[in-house]
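1. Return a 3D structure for these sequence lines:
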Amino acid sequence: MTESYQFIFIFLLIFTTAVELYLDFRQKNFVLKNKKKVPTAFTKIIKLADHKKAADYTVSKINFNSIELISGAIILYFFTLGGGINLLNNVISNNLDHALEFYSLILGVTFVICIFFLVKFLVVKFIKQSPNVFQKAVEQANAHKKTIFYLFILVGLSILTASGAINEIYNFLDTHFDSSLINGAFIITSVFLVLHLISIPSGIFQTFGIETKYGFNKVTPKLFFEDQTKSIFFLILFSVIFSFATLWILSELEENWWLWLWFFLCCCLIAYVGLAPILTQVSNELTPLKDKALKTKIEKLLKKCGFECNGLFVMNASLRSTHGNAFFAGFGKTKRIVFFDTLLKKLNANEIEAVIAHELGHFKKNHIIKFLFIQMILFFLVLYIFGNLKDNNDFYIGLGIQTISDANFLLLFIFVLLKFVGFFVNPFFSNISRRNEFEADEYACKHANAKDMKQSLIKLYRDNASTLTPDSLYSAFHHSHPPASIRIQAIDKN
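-> Residues are numbered from 1 along each chain as shown. Modelled structure (predicted):
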């Protein structure tokens, strides 16, 4: 059976990569073939120069994506049959003390950050009661908020270290947690961190190469470094929490581990959607919508549609890109509407109203809840079908893993099983998403002006340099939105 698992893995790795490359090839050729003529439905708004730019932009992204597909397959091979996971296991198993020190430091930093935001919340609440007195102090603090944040962490961490709190955390972890759990969590976190570090050169090229070449990038090297620092911290933090929780479930809940793991993953999905408004503010600044006329117009639309939200906000997207968008974040009491500031500059009030009506359609049709439910079903089926591989020695050896452990199973589950299952179900998810877009467009046409919906859509395609002529097979496999020409036809019918 060992050879069978190995053959299946190698076959699927080559097959999925080859199919993806073939789809890229089709998309590239089709876009270039239709580059010299703007489709008739778009000629009034989109010029030939814009159409050619979108084609070139699409081809550039496809060329780079093809390189990433091949490098991704090589990296996966290295971590499995190439012995990468075995190497991490050997290194980390002999450095338990370093793992404990690492976790103690992470928990200490997390504690200080929580204190910072608690203090900030209390200070803001106090200042609101006496805004005039502290207005100047607030303006000065906002001008140096990053410096204040990092200084607070440095001072707080120094206090925790000097007071012995970090050592107490170390002793608590050493006393109350099994070494296999700590090592396993450290291995998983290390893999996530290594993969992120490997992806940084790719991000640099995409940001300062492709996006800059076509006039979209606004990110400075300093901002890129700050974003990466935040990403790495939160990656480590959430990886630690996720790996500890999942490994505990795998080791302690015995026969029903897969059912409890499924329940935990479902909770993570729901929490992610609910916390989206907060997570958005980690790297972006949200401010209340100041345009009174637009705000009144949107509020009337919300009232007409019977929709309640926690506010209308503008995100400083222009700090990083010229791409425009708008989205709804959260659910329940956390629901809010977020506009990219770039979008407000590109569309008029009626067109923005149509865009929001489209987003309202997603909520009114329960698309987010339905999509979450489908994802939950998928997780359930994957765990139910492949859960028996957790203790299958042939499965591990076949994929080049020397040691049977919960941590190694979790890595194989995420980077091998979910990867290949995702490849085959992706067209199904894309199809559902495209149907949802049609329903949201139809809803928008009923509650806003269909002409404005059409105009806003075409402008967004133009300003974001989205191709108007995608290959049908590539689009069916990858695109969550229908091709522009088909969407416009559907809107015209409405």
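2. alpha carbons only for contacts and neighbour counts from here, please
-> Noted.
3. Tell me the helices and strands packed up against the host helix or strand of L250.
-> If you go by DSSP states H and E, L250 is part of helix 221-252. If contacts are counted by 3 or more Cα pairs under 8 Å, 6 or more residues apart in numbering; DSSP states H and E, helix 221-252 sits against helix 179-205, helix 257-283, helix 406-412.
4. Can you tell me which of the ones you listed has the worst average pLDDT?
-> Ranked by mean pLDDT, these end with helix 257-283 in last place, scoring a mean of 83.
5. what's the neighbour count on H478?
-> 16 (other Cα atoms under 10 Å).
6. The lowest-mean-pLDDT helix or strand in the chain: what's the following helix or strand?
-> Using mean pLDDT, DSSP states H and E, the weakest-scoring helix or strand in the chain turns out to be helix 131-143, at a mean of 58. With elements assigned by DSSP H and E, the helix or strand that comes after helix 131-143 is helix 145-162.
7. Which positions within that next one qualify as buried?
-> Using 16 or more other Cα atoms under 10 Å as the test for burial, helix 145-162 gives 152-153, 156-157, 160.
8. same thing with stretch 71-84?
-> Buried, per 16+ other Cα under 10 Å, within stretch 71-84: 76-77, 79-84.
9. show me what contacts N350?
-> Contact analysis of N350 by Cα atoms under 8 Å, 6 or more residues apart in numbering lists 449, 452.
10. That one and L235, how far apart?
-> Using Cα to Cα, to the nearest Å, we find N350 at a distance of 40 Å from L235.
11. Repeat that for K47.
-> Between K47 and L235 the computed distance is 42 Å (Cα to Cα).
12. again, but for S480
-> Distance from S480 to L235, by Cα to Cα: 26 Å.
13. The two: who's more crowded?
-> S480 (19 against 15).
14. and the more buried one, that one's in a helix?
-> No: the assignment for S480 (DSSP: H, G, I helix; E, B strand; the rest coil) gives coil, which keeps it out of a helix.
15. Pretty sure it sits against N426.
-> No: using Cα atoms under 8 Å, S480 is not in contact with N426, being 9.8 Å away.
16. ok, V59 - contacts?
-> For V59, counting by Cα under 8 Å, 6+ apart, the contacting residues are 28, 31-32.
17. Tabulate those (CSV), appending distance to D174 and pLDDT.
-> Putting the contacts of V59 into CSV (distance: Cα to Cα, whole Å; pLDDT from 0 to 100) gives the following:
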residue, distance to D174, pLDDT
K28, 55, 95
V31, 58, 95
L32, 60, 94
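18. taking those one by one, which sit in helices?
-> Mapping the contacts of V59 onto helices (DSSP state H) picks out 28, 31-32.
19. Sketch out the low-pLDDT regions of the stretch 51-200 of the chain for me.
-> 94-99, 121, 123-146 (pLDDT under 70).
20. and the spatially closest residue to G156 that is not a sequence neighbour, how far is that from V119?
-> Distances taken as Cα to Cα, 6 or more residues apart in numbering put V112 closest to G156, at 5.8 Å, once the chain neighbours are dropped. Plainly put, V112 is 10 Å away from V119 if you go by Cα to Cα.
21. circling back to that earlier point, looking at the helices and strands packed on helix 221-252, which is buried most?
-> Among the helices and strands packed on helix 221-252, ranked by average contacts under mean count of other Cα atoms under 10 Å, first place goes to helix 406-412 (a mean of 21).
22. what packs against it?
-> Under the contact rule (3+ Cα pairs under 8 Å, 6+ apart), helix 406-412 is packed against helix 179-205, helix 221-252.
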